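Student: Structure for this input, please:
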Amino acid sequence: MVSKQELQITFSSLPTEKLMEIIDNKFGYTELAVTVAFEELASRKISEEEIKVYKTKQVEKLNSYILKNIAHDLSLSEKNLFYFIFIPLLTSPFRLSFKEKGLRLKVMQSNYYSLFGFVFFLISAYFLSRGMSNLFVAAFWMGGFIPAYLMDEFFNRQRQIRKLQRIFGITEAEDSAQEQDA
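Tutor: Residues are numbered from 1 along each chain as shown. As a prediction, the model looks like this:
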C-alpha cells in the first residue's frame, strides 16, 4: 500500500492537468489518491482559466470519442469490401486499423457485412451445386448486398448506435443537441 507521503511526492511532480483528471475520475482512484491530488491542486493556486481550458479539452475528447464510435460508419466502398471479401485473413488488417483508432461502430459493421457476404456466398454455392447457371448464382450473391445494406441502414446500424449510446451514457436529448451543433 502506498503511503500519503509517497503519493504527495509523486503527485507534486505531475502536471496540473493530470491531477485534474484524477479528481474528475475519482471513482478510478483510491480516496487517499483523490485527497492528495486535491491538496496538491489547492497548493498550486489554479486559475479559473486553467480549469476552463481543462474542461474544454475534456469535452473535445468526449466529442471526438463519440464521433468515432457513433457517427462514423463504413463508407459504401468499405461495406462492399467486407461483403465481397469476407475472408478474415484478407480483411483483418482493416479491422485491426479500426480497432487501433477506436472506431467501434466500423468494427461492428465490418463484422456484419462479412457475415452477410459469407452467408450469401454459401447460399450461392448451394444454388451452383444444384445446377443453377453461373450468371444466376453470381447475380444472387451480388444482389445479396442490397438486403444486407438495407437491413444495416434501417435496423442494424440504429441498434448498434443505441447500444453504444447506452455504453457511453448519451441520452437522446444530448444526441439531438450534438447533431444540431454539427
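Student: Moving C-terminal from the one helix or strand residue 138 maps to, which element do we reach first?
Tutor: Here residue 138, judged by DSSP states H and E, is contained in helix 134-143. As assigned by DSSP H and E, the chain's next helix or strand after helix 134-143 is helix 145-151.
Student: Show me what that next one is in contact with.
Tutor: 79-80, 83-84, 112-113, 116-117, 120 (CB atoms under 8 Å, 6 or more residues apart in numbering). Placement of C-beta: from N, CA and C, glycine included.
Student: ok, of those, which one's closest to residue 8?
Tutor: Nearest to residue 8 among these is residue 112, at 50.9 Å by CB to CB.
Student: If you tally nearby residues, what's the number for the closest one?
Tutor: 20 (other CB atoms under 10 Å).
Student: for residue 113, same thing?
Tutor: For residue 113, the neighbour count with other CB under 10 Å is 25.
Student: these two touch, right, it and residue 79?
Tutor: Yes. In this structure, residue 113 is within contact of residue 79 by CB atoms under 8 Å, at 5.3 Å.
Student: joint contacts of these two?
Tutor: By CB under 8 Å, 6+ apart, the residues touching both residue 113 and residue 79 are residue 152.
Student: can you list the domains in this protein?
Tutor: Per automatic domain parsing, the structural domains of the chain span 4-63, 73-181.
Student: Make CSV out of the ones you listed and add mean pLDDT.
Tutor: Formatted as CSV, these follow (pLDDT from 0 to 100):
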stretch, mean pLDDT
domain 4-63, 86
domain 73-181, 84
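Student: Who are the packing partners of the lengthiest helix in the chain?
Tutor: Counting residues, the longest helix found in the chain (DSSP state H) is helix 104-129. For helix 104-129, the packing partners by 3 or more CB pairs under 8 Å, 6 or more residues apart in numbering; DSSP states H and E come out as helix 76-84, helix 88-101, helix 134-143, helix 145-151, helix 157-168.
Student: Could you grab the helix/strand/coil label for residue 46?
Tutor: State at residue 46, reduced to three classes by DSSP: H, G, I helix; E, B strand; the rest coil: coil.
Student: if I pick it, what's in contact with it?
Tutor: Neighbour list for residue 46: residue 16 [criterion: CB under 8 Å, 6+ apart].
Student: List phi and psi for it.
Tutor: Phi and psi for residue 46, reported as degrees, to the nearest 10, are phi -70, psi 140.
Student: And it, how close does it get to residue 27?
Tutor: From residue 46 across to residue 27, the span is 22 Å (CB to CB, to the nearest Å).
Student: Taking helix 104-129 as reference, get the angle to the helix holding residue 138.
Tutor: 160 degrees (axes from the mean of the first three to the mean of the last three CA atoms, to 10 degrees).
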